[in-house]
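Participant: I would like the atomic coordinates for the input below:
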Amino acid sequence: MKQETQTFEPVVRELRPAPSFETALTHLRVCRGLVALDSAGGRPANFSWIGFDPEALPDDLEQVEDLRGLLASRKTEGSVPGPFQGGFIGILAYDLGVHGESLDLPEEPWALPKIVGGLYTRFLVFDHRNERVFAVAPKRGGVGAELDALEQRLRREHTPQPFAVGPLKRHTPSDVHESRIETSREEIAAGEYYQVNLAHRFSAPMEGKPLALYLRLRIANSAPYCGYLEFEGGSVLSTSPELLLSYNGEQAFTRPIKGTAPRFENPTQDQQSQADLLASEKDRAELAMIVDLQRNDLGRIAQTGSVRVDQFPELETYARVHHLVATVRALPKPNTDAIDLLHALFPGGSITGAPKLASMEAIARLEGEGRGYFTGSLGFLDFQGHALFNILIRTVVWRPQGDQGEISFHVGGGITHASSAREEDEETLHKAAGLIDAWS
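Facilitator: Numbers count the residues shown, from 1 in each chain. Presented below is the predicted three-dimensional model:
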């Protein structure tokens, strides 16, 4: 039976004076399903969103494909500033795997749902370019009073919430991680794959609310694709600089990252770090492999001849590190939608390796446990067919544990035959320090 189409008619009100992102997020912490897509720093930093009080997802939602019918049953009449026009905001776990492929991926230790989020028609839009903030709610009786109450809430004073993170536990010791790297180098030499991304996990007890930790992380590790999501059973706190997919209904692009170098307070040292990264044959080769993979992924659903790569490589500088990045663009074939694009790209090649299926099988075998939300994606699919998803790196997952809580996060890196096991392990610790310093 055909599902009845529902209409979202947005009411948009500009908030004056405009609240800060931190103030708004803090005041909305009492709402259900609080979510933030947060351009906290770096580029681009055009729009951010805070969503709240969503419509719950169906209990039987198990695959990305299941979102297609859900979104098709809705339409928008009217428009909202920015690319998000109301719709799904949520997280897709890495362990969903590759669409249409049967991969034997292990379960992650906390057994959290593979898709979390909701359908959002109540949200704030932060237009960073024009320094304007808008509140959006569905048109219905009482919407004016609802927006009045929201404005009053956002004008209140707020105080930072305390939190404390306990001792860290590293779940994979250095010698074990280095042994995994050596195994992968042997498998690369044997031609089983060209590159693989290997990670390991930390966890720690935590007192206080996860939002308080996120507000600290987004400043310490500001990046263009940060995000926060609360769901029944936990929260996800991401300071990701990496884009999996942006789709405006006409053009799609992805921006894989490969190659990392530390930042330095001394300008001369920092410039040298950038120069060394740009000159690194290993890092450029890694990025080139992943760009070829992403070109092929997009090429399957793109118009002939439309896949192209912008300047290669691009150097991006963030709060703690420099990265090599590339932008791969494509014009999708007619009748191709955002779900098809996600099927083609997910999970991102930069955090699997190449070829994708072989590297994911190696990750499952060598890491020995599921990744959960780490290297999955947080973002939106809206009622107009637009999409924006990050890759969940530099991401902390929180869950309640009795009267307190527990956090968990992964760090990793790309392995090629030229990799040094010791240096790769040290690089993961540098990445971990970027998170740990935020609460130390």
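
Participant: what ranges does the stretch 101-250 of the chain have for its strands?
Facilitator: Taking DSSP state E, counting those that start in this stretch to define them, one finds strands in the stretch 101-250 of the chain at 115-120, 123-127, 132-138, 163-165, 169-170, 195-208, 225-231, 234-240, 243-247.

Participant: for Lys356, which of those strands is the nearest?
Facilitator: With CB to CB, the closest approach to Lys356 among the strands of the stretch 101-250 of the chain belongs to strand 195-208: 10.3 Å. The C-beta positions use only the backbone N, C-alpha and C, and glycine is treated the same way.

Participant: which one's the longest helix in the protein?
Facilitator: helix 281-299 (DSSP state H).

Participant: which parts of stretch 226-243 are buried?
Facilitator: Buried residues in stretch 226-243, defined by neighbour count with 16 or more other CB atoms under 10 Å: 226-231, 234-243.

Participant: tell me which residues are up against the worst-scoring helix or strand of the chain on mean pLDDT.
Facilitator: Least confident helix or strand, the chain: strand 257-262 with a mean of 86, by mean pLDDT, DSSP states H and E. Where contact means CB atoms under 8 Å, 6 or more residues apart in numbering, the residues beyond strand 257-262 that reach it are 241-242, 273-274, 276-277, 280, 283-284, 286-287, 289-290, 313, 316, 320-325, 350, 413-414, 427, 430-431.

Participant: how about stretch 203-211?
Facilitator: 25-26, 29, 34, 161-169, 171, 213, 228, 230, 235, 237, 396, 398, 401, 404-409.

Participant: which ChimeraX command selects the buried ones in these?
Facilitator: To isolate in ChimeraX the members of the contacts of stretch 203-211 that are buried, counting by 16+ other CB under 10 Å, one can use:
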select :25,26,29,34,163,165,213,228,230,235,237,396,398,405,406,407,408,409
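
Participant: ok, Trp398 to Glu192 distance?
Facilitator: According to CB to CB, to the nearest Å, Trp398 and Glu192 sit 36 Å apart.

Participant: no, scratch that, I was asking about Gly227
Facilitator: Gly227 is 34 Å from Glu192, by CB to CB.

Participant: now Gly370
Facilitator: Gly370 is 21 Å from Glu192, by CB to CB.

Participant: these two: which has the busier surroundings?
Facilitator: Shown here are Gly370 and Glu192; by other CB atoms under 10 Å, Gly370 has more neighbours (20 against 15).

Participant: please look at the more buried one and Pro106 and confirm they touch.
Facilitator: Yes - contact criterion CB atoms under 8 Å: Gly370 and Pro106 qualify, at 4.7 Å.

Participant: so what's in contact with those two at the same time?
Facilitator: Asp95.

Participant: picking that back up, what packs against the longest helix of the chain?
Facilitator: Contacts defined by 3 or more CB pairs under 8 Å, 6 or more residues apart in numbering; DSSP states H and E place helix 281-299 against strand 195-208, strand 252-255, strand 257-262, strand 321-325, strand 328-330, helix 338-345, strand 353-354.

Participant: single out the most deeply packed of these.
Facilitator: strand 353-354 (a mean of 26; mean count of other CB atoms under 10 Å).

Participant: what mean pLDDT does the following helix or strand past the longest helix of the chain get?
Facilitator: Following helix 281-299 in sequence order, the next helix or strand is strand 308-309 (DSSP states H and E). Strand 308-309 carries an average pLDDT of 94.

Participant: just to revisit the earlier point, what's the closest of the helices and strands packed on helix 281-299 to Phe389?
Facilitator: Closest to Phe389 of the helices and strands packed on helix 281-299, according to CB to CB: helix 338-345, at 7.1 Å.

Participant: of the contacts of strand 257-262, buried ones?
Facilitator: Buried, going by 16+ other CB under 10 Å: 241-242, 273-274, 277, 280, 283-284, 286-287, 289-290, 313, 316, 320-325, 350, 413-414, 427, 431, out of the contacts of strand 257-262.

Participant: hmm, back to that, so the least confident helix or strand of the chain versus strand 195-208, what angle?
Facilitator: Strand 257-262 runs at 60 degrees relative to strand 195-208, counting by axes from the mean of the first three to the mean of the last three CA atoms, to 10 degrees.

Participant: any chance you could map the helices in this structure?
Facilitator: Using DSSP H, helices in the chain cover 21-27, 66-72, 143-154, 174-189, 210-220, 267-279, 281-299, 338-345, 356-367, 421-436.

Participant: who wins for proximity to Asn130 among those?
Facilitator: Taking CB to CB, helix 21-27 is the member of the helices of the chain nearest to Asn130, at 14.7 Å.

Participant: which strands or helices does that closest one pack on?
Facilitator: Helix 21-27 packs on strand 35-38, strand 47-51, helix 143-154, helix 210-220, going by 3+ CB pairs under 8 Å, 6+ apart.

Participant: need these in a markdown table (columns: distance to Pro17).
Facilitator: Formatted as a markdown table, the helices and strands packed on helix 21-27 follow (distance: least, CB to CB, whole Å):
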| stretch | distance to Pro17 |
| --- | --- |
| strand 35-38 | 20 |
| strand 47-51 | 17 |
| helix 143-154 | 10 |
| helix 210-220 | 20 |
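
Participant: among these, which is the most enclosed?
Facilitator: Counting by mean count of other CB under 10 Å, the most buried of these turns out to be strand 35-38, with a mean of 28.

Participant: quick one: strands adjacent to that one?
Facilitator: strand 47-51 (antiparallel), strand 225-231 (antiparallel) (DSSP bridges).

Participant: who wins for proximity to Gly379 among those strands?
Facilitator: Nearest of the strands paired with strand 35-38 (CB to CB): strand 225-231, 7.8 Å.

Participant: quick check: which of the strands paired with strand 35-38 is nearest to Thr336?
Facilitator: Comparison of the strands paired with strand 35-38 against Thr336 by CB to CB identifies strand 225-231 as nearest, at 23.3 Å.

Participant: and the closest one, C-alpha only, in CSV?
Facilitator: The C-alpha trace of strand 225-231 is given here as CSV (Å, rounded to 0.1, in the frame of the first residue of the first chain):
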residue,chain,number,x,y,z
TYR,A,225,32.4,18.9,10.0
CYS,A,226,32.0,18.7,13.8
GLY,A,227,28.8,17.3,15.2
TYR,A,228,27.0,16.1,18.3
LEU,A,229,24.1,13.6,18.6
GLU,A,230,22.1,12.3,21.5
PHE,A,231,20.1,9.1,21.2
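
Participant: and the angle from that strand to helix 210-220?
Facilitator: Interaxial angle, strand 225-231 versus helix 210-220 (the same axes, to 10 degrees): 180 degrees.
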